[in-house]
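Chemist: compute the structure for the input listed below.
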Amino acid sequence: FPDGGLVYPAMPFASYSKVTREDSDAIYAYLRTVTPVKQLNKPHDLTFPFNNRSLILGWRTLFFNEGEFKPDPTKSAEWNRGAYLVEGLGHCGMCHTAINALGGSSQSQAFEGGLIPMQNWYAPSLTSNKEAGLGDWSLEEIVDYLRKGVSAKGAVYGPMAEVVYNSLQYLNDDDVRAMAIYLKGLAQGTSPEKASAPLPTAESSLLHSFGKQLYDRECASCHGATGLGMPPDYPPLAGNQSIQMVSAVNAIRMVLNGGYPPGTSGNPMPHGMPPFAQKLSDDEVAAVVTYIRTAWGNRGEPVSARQANELRAATLN
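Modeler: Okay, here's the model as predicted:
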């Protein structure tokens, strides 16, 4: 703040600390060209103890490391450019690193994924092919995903759709490729798990048969009878890591709420998915999500009707 007050880490200064002075000056120069809005500041409504900003000193001691990004001399110029964009200006770790009870994250868990607080979306691990799986994607597929919002491997949704729409679609060719090289390298040394073992007979007869009926009726016309989809318009579900992650939150929310990938210059008229919250009960949502997470060799775990019910009230923003 101009008065020297401390800023809460909702402003990602822990990431922006890595930004070069040249780039921060460029951001400032751009912001000075934006037409100002006359609006009185609202009084703070933070309750105790959060209204005591001096507590942020403790947070900074635990979780903030000041300093500009330092290139790794053992890596290529493209890799270092990608690392700078992902770790600094892109502040991707703000979502893709788990946040603890104090609102901080551990460097040892960087990019390992976690539930985004208050938004009820799961940001997958970028370091493991068991989740985002980028180590097995081609650079072109990652570039398409970042800039167009769709690729042969899947489509963005939730908070990531906002990132693509408001930011990543405007990257130039060199920068988006640099980010792809860095991101692919994060998971390069891991492999997806083998297909999960079949469900126990009792569960299988209930969830699989019921879920398959629902899938064939509601989903197969777009995603295919065997989950292969029609990429990039209709994403594949078979072998799709985002369907199989340890957290089923995203898959449940897509069935409940549907949605569109962002409209981008590379994909100006995206195909969307309708919501099924008004059409399917909690048991039906649980069955169809369980089916797509375990069919066709997918290795996800079953989900419960309670999980579906809890996410019906999740905010859409």
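Chemist: pass me the low-pLDDT residue ranges in the stretch 101-250 of the chain, would you?
Modeler: 188-205 (pLDDT under 70).
Chemist: which residues in it form strands?
Modeler: Listed in chain order, the strands of the stretch 101-250 of the chain (DSSP state E, counting those that start in this stretch) span 114-116, 121-123, 150-151, 154-155.
Chemist: closest one to Leu171 among these?
Modeler: Proximity to Leu171, assessed across the strands of the stretch 101-250 of the chain by CB to CB, is greatest for strand 150-151 (14.9 Å). Yep, even glycine has a C-beta here, placed from its N, CA and C like the rest.
Chemist: which strands or helices does that closest one pack on?
Modeler: Secondary-structure packing of strand 150-151 (3 or more CB pairs under 8 Å, 6 or more residues apart in numbering; DSSP states H and E): helix 139-147.
Chemist: which residues are contacting the helix it packs on?
Modeler: Residues outside helix 139-147 that contact it (CB atoms under 8 Å, 6 or more residues apart in numbering): 134, 137, 150-154, 156, 164, 168-169, 171, 176-177, 179-181, 183-184, 232, 264, 266.
Chemist: let's see 10 Å
Modeler: 90, 132, 134, 137-138, 150-156, 160, 163-164, 167-173, 175-177, 179-184, 231-232, 261, 264-267 (CB atoms under 10 Å, 6 or more residues apart in numbering).
Chemist: residues of it that come out buried?
Modeler: 141-147 (16 or more other CB atoms under 10 Å).
Chemist: of these, which is the nearest to Leu62?
Modeler: For the buried residues of helix 139-147, the nearest to Leu62 is Leu146 (31.5 Å; CB to CB).
Chemist: quick one: the helices in the stretch 201-317 of the chain?
Modeler: Along the stretch 201-317 of the chain, counting by DSSP state H, counting those that start in this stretch, helices occupy 201-203, 209-218, 220-223, 241-244, 249-257, 282-294, 305-312.
Chemist: helix 305-312 and the longest one, what's the angle between them?
Modeler: Put plainly, it is helix 282-294. Using axes from the mean of the first three to the mean of the last three CA atoms, to 10 degrees, one finds that helix 282-294 and helix 305-312 are set 100 degrees apart in direction.
Chemist: burial measure for Glu207, as a count.
Modeler: No, residue 207 isn't Glu; it's Leu. By other CB atoms under 10 Å, 23 other residues sit near Leu207.
Chemist: next up, the contacts around it.
Modeler: Going by CB under 10 Å, 6+ apart, the list of residues near Leu207 reads 199, 283, 286-291, 293-294, 302-304.
Chemist: now, of those residues, which are buried?
Modeler: Looks like those have 199, 286-291, 293-294, 302-303 buried, using 16+ other CB under 10 Å.
Chemist: can you list those in TSV and add distance to Leu40?
Modeler: TSV is the format used below for the buried ones among the contacts of Leu207 (distance: CB to CB, whole Å):
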residue	distance to Leu40
Leu199	59
Ala286	49
Ala287	52
Val288	50
Val289	47
Thr290	52
Tyr291	54
Arg293	50
Thr294	55
Pro302	53
Val303	47
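Chemist: which pair of those spans the longest distance?
Modeler: Leu199 and Val288 (14.6 Å).
Chemist: what sits opposite the residue nearest in space to the middle of the chain in the beta ladder?
Modeler: Most central in the chain under CA atoms, centre = their mean is Ala123, positioned 3.8 Å from the mean C-alpha point. Counting by DSSP bridges, Ala123 is bridged to Gly114.
Chemist: hang on, Lys18 packs against Tyr84?
Modeler: Yes. Lys18 lies in contact with Tyr84 (CB atoms under 10 Å); the separation is 6.9 Å.
Chemist: joint contacts of the two?
Modeler: Joint contacts of Lys18 and Tyr84 (CB under 10 Å, 6+ apart) are 68-70.
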